[in-house]
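Peer 1: sequence unavailable; structure follows:
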DNA sequence: TTATGATGCTTAAACGATTAAGCAACGATT
DNA sequence: AATCGTTGCTTAATCGTTTAAGCATCATAA
C-alpha cells in the first residue's frame, strides 16, 4: 500500500486532499466553516487512513487531557468492583477516561498516588478515602465519595438512612435484642450505619455493638465473633454493617448449628457479589452506585469547567446537587420474623468448635 | 506572591533564572551537559515554583504517553480488586499509569473499550478477556492474562496445576467421591482447573462435575445446587473452581445441617476476600497476582520498547518469559480427612428447607 | 453600481517539552 | 603557537492539534 506512506494525522489528510490542516480540523470537529462537500471528502479520507487524533497534541493545545483520576484508599475492597465500574461508566459517558491509583490504605501513599495522577495530567479526581482520612489540598478539582458525615464530602450514599431502614425492618419483624456488628469505630461510614440501625430499632430494644477490629486485636484476624454465645443470651438478630461481616456471622452461626433465619436473623450492607447466592441469601442494603458515580462525575466535570474562565484556582471541595443518595433495602431470606418461643429453648447442643 | 505570575513550565523557570529552556530541560532530566552548580539552582527553582512537567507536551514530543490500558471483561468480578491492585503497582513501578476500561462482559463492547483506550493514547494494554473471547487485532502491544490454554496468551496462573494440587490434597485426605463444581464449560480457566482437579484425584475416584450455569438455566439464578443430596449419595468432598462457588456450597451444606468439614469437605479457588473469615475458613488455591502482573507488565513494556526502532509494527501477541505462574495451596479448615464411617450414616435429619 | 455580509478556505501562532546542532570559551596537547 | 577536545550553554526545529485572524469570492440589498 502506498497510502501507508502518508501519516494518519491532520497534515497527512490535508496533504492527501490538497487542503490546509486547519480545514481538516474544522471539518472533523464540525466547528469552523467548511462546505458540506469537502467536509464529506475529508471525513472519508480520515476514515480511509485510519486517522486517530493525537490525544497528546490535543491535550497540549487545549489544556484538557480528558482524563480523570480515581483514587482508592484500598483497591482490595469488595465494593471496589462496583465503584470502579460505575465511575468508569459515568466518566466514559462524560467523555473522560479513568486513571486508577491505589493508595494501599496508607495515608502517605495516598498523597503520593494523588501526585502521580497530577503528573499524568488528570483534570480532576474522584477520591474514596480511607476511614477518617482527610484529603490533602491539591490544586485540582476533587470530588469525594464518602459518608455524608465527612466534611468536604461531595456525594455519598445515605448510610445513616440505610441503617435506619434496616433497623426498622428488623423492628418490624419483632426483633428486640439485636447485636450490631461493625469493624472499626473510626470509620464515618460505619458509624453512620450503626447510628441509623440503632435509631431504626424500637426505643425499648436491647442492642449491643461488636467492633470486629477490637476482637481481632485480641484474638487475631479471622477469629470467631462469638455470635452463637449471643444467641444463647437471647439476641435474635445480627445487623452488620457489611455483607462481609454478615457472611462471617452467617457461617459462624450455621457452623454452630444455629439455623438462619429461624433462630437468628442476619442482615448485611452493600449487596456484595455473594449476597444473592449464599444460603440463605442475604437481606442487605444496596447503594445506587450508578447514581452516586454520576453525581460525583457531574459535580467534578462542572468544577473542571468552572476552573477554566475563573481567575482564582479556588482549590478545594466540589459541591454536588445531590449529596446524599438513598439506599435500597434488598429483602432476601437471611432475616425473618422473630420466633414466638424464646430462642433460648431452640438452641441445639453443639459439638467441638471452640476454635 | 509575585512569583505566582511566572508560569511553572520550562520556559518559566528558564526566564526566572535567565537561562534557556533547553538547559532547564537538560538539568532536570540529567541528560545534556549542565554544570553542577546551575543544575542545582534549576532544580531548586523548579521546586520553588512547583513545576510539574506537562505530560501532554512530553507525550507529543516523545511519542510516549506513559499510560497503559487495563481491559477487563467484567469489572464486577470478585478477583478484580486483586488484579487491579497488582497491575497498578507493577505498572507504576515501570513508570506507567493505568487507564481502566470495562467491557461489561460484552464482546462488541470489548472492541469499543479497546478503541477508547487507543484514542486516549495508551502505549499498550493488558487484556483479561471473557471466557473464550479472542482479542481483536489491534495495532498496539497487548498482553493477555488468561489461561495457558488460551492461544495468544501472555501470562497466566497455572490453573491446571492448581487443580492438580487441590485434587491431590483431597485424595491425600482420603476422598474418593468428589463433586467438582464450576460455572461455565466455555471458560478455559475453569476447564483447566476442573481437568487438573480430576487428574489430581486417585484414578479410582468417583467424580461428578456440576456446571452451575446449566443448573441456573433451569432453576433460576442463585438456585440451590443440591449439594446435600450429593452427600446423601456418598460424596464426601466438593472441589469448586472459585471461592464464590465454595461459599455457595458451604452455606448450602451448613443450612441443611451438614457439618463442614466433618461430613463434607469444600475447597475453593482464588483466595478471595472472604475465604479466611468464614467459618470454617476456606481451603483454597491462591495465585500470585503480583508475579503475574509483573510478568505481564514486563512483557508489555518490552514489546513497547521493541516497537520503537522496529520498522514493522508486527502487531499481535507478546511473549513473556514466564507464561505459567504456579498457584499456591492455602490450607485452612474447610477440608479435612474423610470420615472413617460412611458419611451416609451421619446425616442429620433435616427440616423445612426445600426452598 | 457599490457597500455589506456570508461563505469557504488559508496562514500562522500558539501549547510545552525534547533534542540535534552549533558556538564560544577554556584547558590540554603537540 | 596552533590544534584539539571538552565543557556549558543557546538556537531552533519539531511533535499534531486548535483557533484567532485574514483574505478572497460571491450573492444580496441598497
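Peer 2: Thanks, I have the structure now. None of these values were measured; they are calculated from a predicted model. Numbering: from 1, shown residues only, chains lettered A, B, ... in the order given.
Peer 1: buried sites along whichever helix or strand residue A:164 is part of?
Peer 2: Residue A:164 is part of helix A:159-172, with elements assigned from DSSP states H and E. By 16 or more other Cβ atoms under 10 Å in any protein chain shown, the buried positions in helix A:159-172 come out as A:159-171. C-beta: built from backbone N, CA, C; applies to glycine.
Peer 1: so where do the helices sit in the stretch 1-150 of chain A?
Peer 2: Assignment of helices within the stretch 1-150 of chain A using DSSP state H, counting those that start in this stretch yields the ranges A:10-17, A:21-29, A:36-49, A:55-62, A:80-93, A:107-119.
Peer 1: same thing with the stretch 251-355 of chain A?
Peer 2: With DSSP H, counting those that start in this stretch as the criterion, the stretch 251-355 of chain A has helices at A:289-307.
Peer 1: which regions of it sit below the pLDDT cut-off?
Peer 2: The model of the stretch 251-355 of chain A has pLDDT under 70 over residues A:308-321, A:340-355.
Peer 1: pLDDT below threshold where in chain A?
Peer 2: A:1-6, A:75-76, A:131-137, A:308-321, A:340-355.
Peer 1: and the residue sitting nearest the centre point of it, how far is that from chain B?
Peer 2: Geometric centre of chain A, nearest residue: residue A:83, 3.5 Å, by Cα atoms, centre = their mean. Distance from residue A:83 to chain B, counting by Cβ to the nearest Cβ, to the nearest Å: 9 Å.
Peer 1: same thing with residue A:257?
Peer 2: Note on residue A:257: its distance to chain B, by Cβ to the nearest Cβ, is 7 Å.
Peer 1: ramachandran angles for that residue?
Peer 2: Note on residue A:257: backbone dihedrals following degrees, to the nearest 10 are phi 80, psi 20.
Peer 1: identify, out of the helices of the stretch 1-150 of chain A, the most deeply packed stretch.
Peer 2: Ranked by average neighbour count under the criterion mean count of other Cβ atoms under 10 Å in any protein chain shown, the helices of the stretch 1-150 of chain A are headed by helix A:80-93 at a mean of 23.
Peer 1: check which helices and strands it sits against.
Peer 2: For helix A:80-93, the elements it packs on are strand A:67-72, strand A:97-102, helix A:289-307, helix B:80-93, strand B:97-102, judged by 3 or more Cβ pairs under 8 Å, 6 or more residues apart in numbering or on different chains; DSSP states H and E.
Peer 1: nearest to residue B:25, out of these?
Peer 2: Checking the helices and strands packed on helix A:80-93 against residue B:25 by Cβ to Cβ gives strand B:97-102 as the closest, at 21.6 Å.
Peer 1: what is that closest one packed up against?
Peer 2: Packed against strand B:97-102 by the contact rule (3+ Cβ pairs under 8 Å, 6+ apart) you find helix A:80-93, strand A:97-102, strand B:67-72, helix B:80-93, helix B:107-119.
Peer 1: quick one: the residue nearest to the centre of chain A from residue A:196, how far?
Peer 2: Counting by Cβ to Cβ, to the nearest Å, the separation of residue A:83 from residue A:196 is 21 Å.
Peer 1: same check on residue A:100?
Peer 2: Separation of residue A:100 from residue A:196 (Cβ to Cβ) stands at 31 Å.
Peer 1: same question for residue A:209.
Peer 2: From residue A:209 to residue A:196 the distance is 13 Å (Cβ to Cβ).
Peer 1: how about residue A:125?
Peer 2: Per Cβ to Cβ, residue A:125 is found 29 Å from residue A:196.
Peer 1: verify the contact between residue A:168 and residue A:197 for me.
Peer 2: No: using Cβ atoms under 8 Å, residue A:168 is not in contact with residue A:197; the gap is 9.3 Å.
Peer 1: redo the helices and strands packed on helix A:80-93 as CSV? Include distance to DNA strand D.
Peer 2: As requested, those are exported to CSV (distance: least, Cβ to the nearest atom of the strand, whole Å):
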stretch, distance to DNA strand D
strand A:67-72, 15
strand A:97-102, 16
helix A:289-307, 13
helix B:80-93, 24
strand B:97-102, 19
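Peer 1: got the ones you listed as TSV, with distance to residue B:304 columns?
Peer 2: Converted to TSV, these look like this (distance: least, Cβ to Cβ, whole Å):
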stretch	distance to residue B:304
strand A:67-72	19
strand A:97-102	18
helix A:289-307	30
helix B:80-93	12
strand B:97-102	14
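Peer 1: in stretch A:178-188, what's buried?
Peer 2: Buried residues in stretch A:178-188 (16+ other Cβ under 10 Å): A:178, A:179, A:180, A:181, A:182, A:183, A:187, A:188.
Peer 1: and it, does that touch chain B?
Peer 2: No: contact between stretch A:178-188 and chain B is absent, the nearest approach being 10.9 Å (criterion: Cβ under 8 Å from any Cβ of the partner chain).
Peer 1: excluding covalently adjacent residues, which one is nearest to residue A:138?
Peer 2: residue A:114 (5.7 Å; Cβ to Cβ, 6 or more residues apart in numbering or on different chains).
Peer 1: if I look at the residue of the stretch 51-200 of chain A found nearest DNA strand C, how far off is residue B:7?
Peer 2: Distances between the stretch 51-200 of chain A and DNA strand C by Cβ to the nearest atom of the strand are smallest at residue A:61, namely 3.5 Å. Per Cβ to Cβ, residue A:61 is found 16 Å from residue B:7.
Peer 1: re earlier: quick one: closest of the helices and strands packed on strand B:97-102 to residue A:41.
Peer 2: Per Cβ to Cβ, nearest to residue A:41 of the helices and strands packed on strand B:97-102: helix B:107-119, 22.7 Å.
Peer 1: quick one, that closest one and strand B:67-72 angle?
Peer 2: 170 degrees (axes from the mean of the first three to the mean of the last three Cα atoms, to 10 degrees).
Peer 1: name the helices or strands packed onto helix B:107-119?
Peer 2: Applying 3+ Cβ pairs under 8 Å, 6+ apart, one finds that helix B:107-119 makes contact with strand B:67-72, strand B:97-102, strand B:124-128.
Peer 1: same thing but 6 Å
Peer 2: If contacts are counted by 3 or more Cβ pairs under 6 Å, 6 or more residues apart in numbering or on different chains; DSSP states H and E, helix B:107-119 sits against strand B:67-72.
Peer 1: show residues contacting the strand it packs on.
Peer 2: With contacts defined as Cβ atoms under 6 Å, 6 or more residues apart in numbering or on different chains, strand B:67-72 is touched by B:87, B:91, B:96-102, B:113-114, B:117, B:122, B:124-128.
Peer 1: pairing partners for that strand, with directions?
Peer 2: Strand pairing for strand B:67-72, determined by DSSP bridges: strand B:97-102 (parallel), strand B:124-128 (parallel).
Peer 1: could you export those as CSV, including mean neighbour count?
Peer 2: Output for the strands paired with strand B:67-72, formatted as CSV (neighbours: other Cβ atoms under 10 Å in any protein chain shown):
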stretch, mean neighbour count
strand B:97-102, 26
strand B:124-128, 25
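Peer 1: possible to save those strands as a markdown table with distance to residue B:17?
Peer 2: As requested, the strands paired with strand B:67-72 are exported to a markdown table (distance: least, Cβ to Cβ, whole Å):
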| stretch | distance to residue B:17 |
| --- | --- |
| strand B:97-102 | 30 |
| strand B:124-128 | 38 |
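Peer 1: out of those strands, nearest to residue A:245?
Peer 2: Among the strands paired with strand B:67-72, strand B:97-102 comes nearest to residue A:245, with 27.6 Å by Cβ to Cβ.
Peer 1: tell me the angle of that closest one relative to helix A:80-93?
Peer 2: Going by the same axes, to 10 degrees, strand B:97-102 makes 90 degrees with helix A:80-93.
Peer 1: strand B:97-102 to helix B:55-62, inter-axis angle?
Peer 2: Interaxial angle, strand B:97-102 versus helix B:55-62 (the same axes, to 10 degrees): 100 degrees.
Peer 1: which positions in the stretch 51-200 of chain A make contact with DNA strand D?
Peer 2: Proximity of the stretch 51-200 of chain A to DNA strand D, by Cβ under 7 Å from any atom of the strand, involves residues A:51, A:53, A:54, A:57, A:58, A:60, A:61, A:62.
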